[in-house]
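K.L.:
Below is the structure, and that's it, no one-letter string:
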Ligand code: AGP
């Protein structure tokens, strides 16, 4: 995801400080970078597509400044281009802004500013901030007042850094939902998306809360204000106990663990600006240009690979149950060679985290001259698959560095739930309950993440087995397949994912004391039948590790071990079950001492067929 850095100080060190800070934030993944700094009362900006090093090369060594802001961009709104890179500024370039997050109401603000004569040069949501401050500056006594008024108009999530030619000795920053930390030192202040970017200068940090902004001065003094209640905030700096060697993964041992722990943020950012619980509406901007074509779709074919394919299987159950549209999920590598009837009222939906998977690209190419609608659920903005589709919904999960896909699965299933709701046009009885549950899920995800210690113990207990069965019914079945893949690809253990109802048709023959089963037994209309499957396994001395819903006492009598997840709808259970299975697989791999982030033989993006 994006990262911001802002520096102000009495030394001419702002440019180096911002570039080094952006380098420290590179682990967040990005596709372009930019910097703006004050040279006297003029704002100089430089933006590059690609790495921070390209910025350094472009600036050379002779540039100095005392006030600067910088940004690494992971594209969410608008492609990967220099004009979309941050900083963004107002028309006379006297105000520069960097932003991490999503301005939910950017379309309304853009239209209103355009109606007042403002001209936009980028496709980003962020640009509205610089013009909005400019607009308020025309009627306010001070720049700070204009900044505060603009903040009051923004909805969504932001960590903002702002400089102005009007006040070259001041750096502004503000926070709502996106992380922001202030580092304070002798004669300097630095703001950043996370502590790793301030460590070079100081260990004294102040964490900002939502609806707070900072006015930092060149002598290192700062003032914080709660702009929601218009109250000054007095907050002492704390000393950061930070081991810089862990930089890149934050405080996590591996990217996979970090990305699993991002689940609450992922659930929030995949729905941000897309659900309105109070008005029971969904808003998928990426599908608005195909609204009329969607009305005539009578069948959906989902194509994907690996984890994205299993997300598609969850999507099949969701879209059929909520929107009543027949869905068929196919492995992209099979779809491209099939000779199947394909009518124009069938839409193809490609799911891909990287947006560069060769098999999925080939599937899209196959239907190029079919005249059918091609949709995408993609995480990487501007990727090949995103550009090949007619419309789609971005996952907004931020970059996923570990080969084993975790948060991308969570984001994909969340987006597929939104698509099912969107296609139902509000007609489904599940519409309101699902909107409310999606809004509640981030907190429930935190409950599961809090069980990491017990998950670690279970992983140690089961890590020595060479075979594993994963079983589920209904929404639990795709979870069983995905859980088996997670264990396979991180721990190299033979793991089979099966529909629980299939056990008697053959797989039961494999069960013995050395072949444990991971059973998904969360609340569902099929739970009693899953109990029967568990009893079949235990009757053959098979060990059972079950995932169940909090409060289920029956399962404790049936299984050897139980992982409890919070109560949730059957339809949203994959989102919570997945987190538990991801943690389990992660800790098994760590127990076995494997390279968790880079498993043998695998690549993060399979760009060859
Ligand atoms: C999942 O953990 C694997 N990394 C792999 O199966 C992956 O899901 C598959 O290669 C598809 O990648 P994509 O989502 O980028 O298209």
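P.N.:
Sure thing, it's come through. This one's a predicted model, so the numbers in the text were calculated from it and none came from an experiment.
K.L.:
What residues does the nearest residue to residue 452 once chain neighbours are set aside make contact with?
P.N.:
Distances taken as C-beta to C-beta, 6 or more residues apart in numbering place residue 583 nearest to residue 452, at 6.1 Å, with adjacent residues excluded. Every residue, glycine included, has its C-beta placed from N, CA and C. With contact taken as C-beta atoms under 8 Å, 6 or more residues apart in numbering, residue 583 is in contact with 260, 448-449, 451-452, 455.
K.L.:
Throw these into a markdown table and include secondary structure, thanks.
P.N.:
What follows is the contacts of residue 583, written out as a markdown table (DSSP: H, G, I helix; E, B strand; the rest coil):
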| residue | secondary structure |
| --- | --- |
| 260 | helix |
| 448 | helix |
| 449 | helix |
| 451 | coil |
| 452 | helix |
| 455 | helix |
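K.L.:
who wins for most neighbours among those?
P.N.:
Within these, residue 260 tops the neighbour count with 27 neighbours, counted by other C-beta atoms under 10 Å.
K.L.:
thought that one was touching residue 406?
P.N.:
Yes. Contact criterion C-beta atoms under 8 Å: residue 260 and residue 406 qualify, at 4.9 Å.
K.L.:
Now do the shared contacts for those two.
P.N.:
residue 582.
K.L.:
What about residue 501, how many residues nearby?
P.N.:
If we define neighbours as other C-beta under 10 Å, then residue 501 has 17 of them.
K.L.:
Just give the closest residue to it, not the sequence neighbours.
P.N.:
Nearest non-adjacent residue to residue 501 (C-beta to C-beta, 6+ apart): residue 473, at 6.3 Å.
K.L.:
now swap in residue 478 and tell me
P.N.:
Closest to residue 478 by C-beta to C-beta, 6+ apart is residue 313, at 3.6 Å.
K.L.:
and the two most separated of the contacts of residue 583?
P.N.:
260 and 451 (12.0 Å; C-beta to C-beta).
K.L.:
Look through the stretch 501-609 of the chain and state the residue closest to the ligand.
P.N.:
Using C-beta to the nearest ligand atom, the closest approach of the stretch 501-609 of the chain to the ligand is made by residue 606 at 4.7 Å.
K.L.:
Let me know the secondary structure of that residue.
P.N.:
Assignment for residue 606 (three-state DSSP): coil.
K.L.:
mind listing what the residue most central in space within the chain touches?
P.N.:
Centrality entry for the chain: nearest residue to the mean C-alpha point is residue 397, 1.6 Å, by C-alpha atoms, centre = their mean. By C-beta under 8 Å, 6+ apart, the contact list for residue 397 reads 262, 266, 269-270, 353, 379, 407-408, 410-411.
K.L.:
how does it look with 10 Å?
P.N.:
Listed by C-beta atoms under 10 Å, 6 or more residues apart in numbering, the contact partners of residue 397 are 1, 74, 259, 262-263, 265-267, 269-270, 353, 379-380, 405-412, 414-415.
K.L.:
can you list the contacts of residue 583 in TSV and add distance to residue 283 and pLDDT?
P.N.:
Below are the contacts of residue 583 laid out as TSV (distance: C-beta to C-beta, whole Å; pLDDT from 0 to 100):
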residue	distance to residue 283	pLDDT
260	28	97
448	28	96
449	29	95
451	34	93
452	34	92
455	36	94
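K.L.:
who touches the nearest residue in space to residue 213 that is not next to it in sequence in this structure?
P.N.:
Leaving aside its chain neighbours, residue 213 sits nearest to residue 174 (3.7 Å; criterion: C-beta to C-beta, 6+ apart). The contact partners of residue 174, by C-beta under 10 Å, 6+ apart, come to 99, 129, 147-148, 150-151, 154, 158-162, 180, 191, 208, 210-214, 225, 227.
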